[in-house]
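Colleague: Quick one, what's the 3D model for this:
(one chain, ligands or ions: 1)
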Amino acid sequence: MRTGRSHAPNVWRNWAGSAQCVPSRLVRATDEGDIVEAVNQAASRGLTLRAAGTGHSFNPIATTSGVLLDLTGYTGIVALDPETPSVTVRGGTLLKELNWALDKAGLALSNMGTLEDQTIAGAISTGNHGSGLHHRPFSGHVLGLTLVTADGSVRSCGPEENPELFQAAVTSLGALGVISTVTLRCVPKFNLRVTEGSQPLESILEDIEAYAGSAEHATFSLKGWSDNASTLKLEPTDAPVSVDAARRRRANTLGEVRCATAGLVGRIDQRAVQRIMTAQLGGSAGPADYVDVSYNAFTFPQPVKFLSLEYALPLTRATDAVRNVHEDVKRFGLRTPYSITVRFGAGDEYLLSPAQGRTTAYVNITVPRTVGYTELLRVFEAALQEHDGRPHWGKAHTATAESLEDLYPGWKTFQDIRAELDPDNMFTSDYLRRVLGGTRRAH
Ligand SMILES: Cc1cc2nc3c(=O)[nH]c(=O)nc-3n(C[C@H](O)[C@H](O)[C@H](O)COP(=O)(O)OP(=O)(O)OC[C@H]3O[C@@H](n4cnc5c(N)ncnc54)[C@H](O)[C@@H]3O)c2cc1C
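Modeller: All right, here's what the predicted structure looks like:
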């Protein structure tokens, strides 16, 4: 390696501790030359290679027994154009680093998920998303990217330049090569008003599209033991950041710790989960209504580890799906302290994006990392699969290529591009063989 550091085998683990591997080489890239050299060396030795971000995927999508190319040292802004406005970043840049840099320039991303600790390339590769009926997934910000492919070349693509490659490469699970740089569309910096509430679940399900459109970023969540939903609405505002915004973030962190405590106690006494989660704590601030800078309002610190499973459904199927999973979770008996969360988003055109071609409802369940909950995830997953659900590529799921093929109209086009770019299966892994199958040459 040139400047990139290459290490003897080491155990690599994801954030949740639910996936691990012992790569034959661990290479840490700090510039694009390191990426090209790692790819060329893997090719000459006949090794497989997987790019890894911060490991915030819950499944083994980033694991490998071949070369693990750690991109968390390949960070920073390459160019910022305040006119467009747009920004070009290195693939290993953390979302929070980007948010700070944009903030200083008076800019922001128009939408994002609840986490800002992962890498830009990892977020777009797995179909990361936030909530907002008129907002596409995180990949919707992408104006172009550069990709190091199996032959060691660096290819650029965007809507105008190599559009077929672009449609395949944006959400590509690390299967087409290593994303080097990404150019993202920005918007002027803005604040959001955050409003929490509660209403009967059925009053939302009566017209879920109306609920989805009732705020720029609407979400709701429910517990297995209640027929009331907690609502969360984020709306752009000219109002300044309110004094209690920081206190609210601390309250979110305490909420996370409370879930973890309930999960631990629940191992011994299941009935205690509901008691802990519904207890009125002294000094509780009640439903939130505050203003914060956009990226602080979208995200919250998530210090406690858990497991999540999420499926993207056509919005038109969401009402039945949510009723089904809520009934299933109620019947299941085992209580998770975490909520079922429902978010919304516009469709996009990227071949393997879970939101491809359809206005989407994302239905997520989070559980403690203990064995008993695996069965709950399976029950939940089966119900969502009944409603044309596509799994989040970075969350727990059991889907296979056979079951996924029919859910993606662009599946064959993606596989042809994959076979052309990676004819010798350099970027494959056990997980990719399961969800995408092996590569086959286009002709
Ligand atoms: C606490 C928590 C909260 C979360 N919240 C949300 C949420 O709100 N919304 C949501 O949609 N998801 C959410 N997720 C899922 C998570 O955001 C994604 O799976 C994550 O973005 C992956 O980013 P990463 O940097 O950790 O990538 P990794 O998990 O390290 O890798 C994921 C995939 O990206 C590929 N990859 C990484 N870098 C490159 C590169 N440079 N080139 C090519 N391929 C690459 C890897 O090969 C792998 O296939 C959450 C996860 C956690 C743990």
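
Colleague: show me the residues around the nearest residue to residue 114 once chain neighbours are set aside that make contact.
Modeller: Using CB to CB, 6 or more residues apart in numbering and skipping the chain neighbours, the partner closest in space to residue 114 is residue 299 (5.5 Å). Quick note: C-beta positions are derived from backbone N, CA and C, even for glycine. Residue 299 sits next to 112, 113, 114, 115, 116 when contact means CB atoms under 8 Å, 6 or more residues apart in numbering.

Colleague: Highest neighbour count among those?
Modeller: residue 112 (27 neighbours; other CB atoms under 10 Å).

Colleague: so that one is in which element?
Modeller: Residue 112 belongs to no helix or strand when assigned by DSSP states H and E.

Colleague: My read is that it contacts residue 295, right?
Modeller: Yes: using CB atoms under 8 Å as the test, residue 112 is close enough to residue 295 to be in contact (6.7 Å).

Colleague: near the ligand, which residues of this protein show up?
Modeller: For the chain, the residues found near the ligand under the criterion CB under 6 Å from any ligand atom are 15, 50-57, 61-62, 71, 91, 113-115, 118-119, 121-123, 125-126, 128-129, 173-174, 178-179, 302, 392, 394.

Colleague: please redo it, this time with the cut-off set to 5 Å
Modeller: Applying CB under 5 Å from any ligand atom, we find that the chain lies next to the ligand at 15, 50-57, 61-62, 71, 91, 113-115, 118-119, 121-123, 125-126, 128-129, 173-174, 178-179, 302, 394.

Colleague: Can you find the helix or strand in this structure with the smallest mean pLDDT?
Modeller: Counting by mean pLDDT, DSSP states H and E, the weakest-scoring helix or strand in the chain turns out to be strand 5-7, with a mean of 52.

Colleague: And for the following helix or strand past that strand, what's in contact with it?
Modeller: Scanning forward in sequence from strand 5-7, with DSSP H and E defining helices and strands, the next element found is strand 12-13. Residues outside strand 12-13 that contact it (CB under 8 Å, 6+ apart): 19, 20, 21, 22, 23, 26, 52, 55, 62, 63, 68.

Colleague: Among these, name the ones in strands.
Modeller: Taking DSSP state E as the definition of strands, these contribute 20, 21, 26, 52, 68.

Colleague: I'd assumed residue 68 was in contact with the fourth one.
Modeller: Yes: contact between residue 52 and residue 68 holds when scored by CB under 8 Å: they sit 5.6 Å apart.

Colleague: what sits in contact with each of those two?
Modeller: The contact sets of residue 52 and residue 68 overlap at 12, 62 (CB under 8 Å, 6+ apart).

Colleague: now the helices for this structure?
Modeller: Taking DSSP state H as the criterion, the chain contains helices spanning 32-45, 95-104, 120-126, 163-169, 201-205, 208-212, 245-266, 271-278, 294-298, 318-332, 373-385, 401-404, 411-421, 430-436.

Colleague: Just the buried residues of the last one, please?
Modeller: Right, helix 430-436. Across helix 430-436, burial judged by 16 or more other CB atoms under 10 Å covers 431, 432, 434, 435, 436.

Colleague: Ok, the longest one next?
Modeller: Along helix 245-266, these residues count as buried under the neighbour rule (16+ other CB under 10 Å): 245, 248-249, 251, 256, 258-263, 265-266.

Colleague: between those, which is nearest the ligand?
Modeller: The ligand has its nearest neighbour among the buried residues of helix 245-266 in residue 256, at 9.4 Å by CB to the nearest ligand atom.

Colleague: what's near enough to touch the nearest residue to residue 344 once chain neighbours are set aside?
Modeller: Closest residue in space to residue 344, ignoring its immediate chain neighbours: residue 212 at 4.1 Å, by CB to CB, 6+ apart. Under the criterion of CB under 8 Å, 6+ apart, the contact list for residue 212 reads 133, 218, 315, 344, 361.

Colleague: farthest-separated two in those?
Modeller: Set against one another by CB to CB, the contacts of residue 212 have their most distant pair in 218 and 315, with a gap of 12.1 Å.

Colleague: how close does residue 418 sit to residue 426?
Modeller: In this view, residue 418 and residue 426 are 11 Å apart by CB to CB, to the nearest Å.

Colleague: For the most centrally placed residue in the chain, which non-adjacent residue is spatially closest?
Modeller: The geometric centre of the chain, computed from its C-alpha atoms, lies nearest to residue 128 (CA atoms, centre = their mean), at 3.1 Å. If you skip the residues right next to it in sequence, residue 128 has residue 138 as its closest partner in space, 4.4 Å away by CB to CB, 6+ apart.

Colleague: Was I right to think the one you found contacts residue 113?
Modeller: Yes: taking contact to mean CB under 8 Å, the distance of 6.9 Å between residue 138 and residue 113 places them in contact.

Colleague: residues touching the residue of the stretch 251-400 of the chain found nearest the ligand, list them.
Modeller: With CB to the nearest ligand atom as the measure, residue 394 is the residue of the stretch 251-400 of the chain nearest to the ligand, at 2.3 Å. Contact criterion CB under 8 Å, 6+ apart gives 56, 57, 58, 59, 61, 122, 126, 127, 128 as the residues in contact with residue 394.

Colleague: Of those, which is the nearest to the ligand?
Modeller: For the contacts of residue 394, with the ligand as the reference and CB to the nearest ligand atom as the criterion, the closest is residue 122, at 2.3 Å.

Colleague: how many other residues sit next to the closest one?
Modeller: The tally of other residues near residue 122 (other CB under 10 Å) stands at 27.

Colleague: Please list only the buried members of the contacts of strand 12-13.
Modeller: Buried by 16+ other CB under 10 Å: 19, 21, 23, 26, 52, 55, 62, 63, 68, out of the contacts of strand 12-13.

Colleague: How much space separates the fifth one from residue 36?
Modeller: Computed as CB to CB, the residue 52 to residue 36 distance reads 17 Å.

Colleague: In the stretch 251-400 of the chain, where is pLDDT below threshold?
Modeller: Judged by pLDDT under 70, the stretch 251-400 of the chain has its weakly predicted residues at 281-286.

Colleague: Need the buried ones from the residues of the chain next to the ligand selected in ChimeraX.
Modeller: When burial is assessed using 16+ other CB under 10 Å, the buried subset of those is captured in ChimeraX by this command:
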select :15,50,51,52,53,54,55,56,57,61,62,71,91,113,114,115,118,119,121,122,123,125,126,128,129,173,174,178,179,302,394
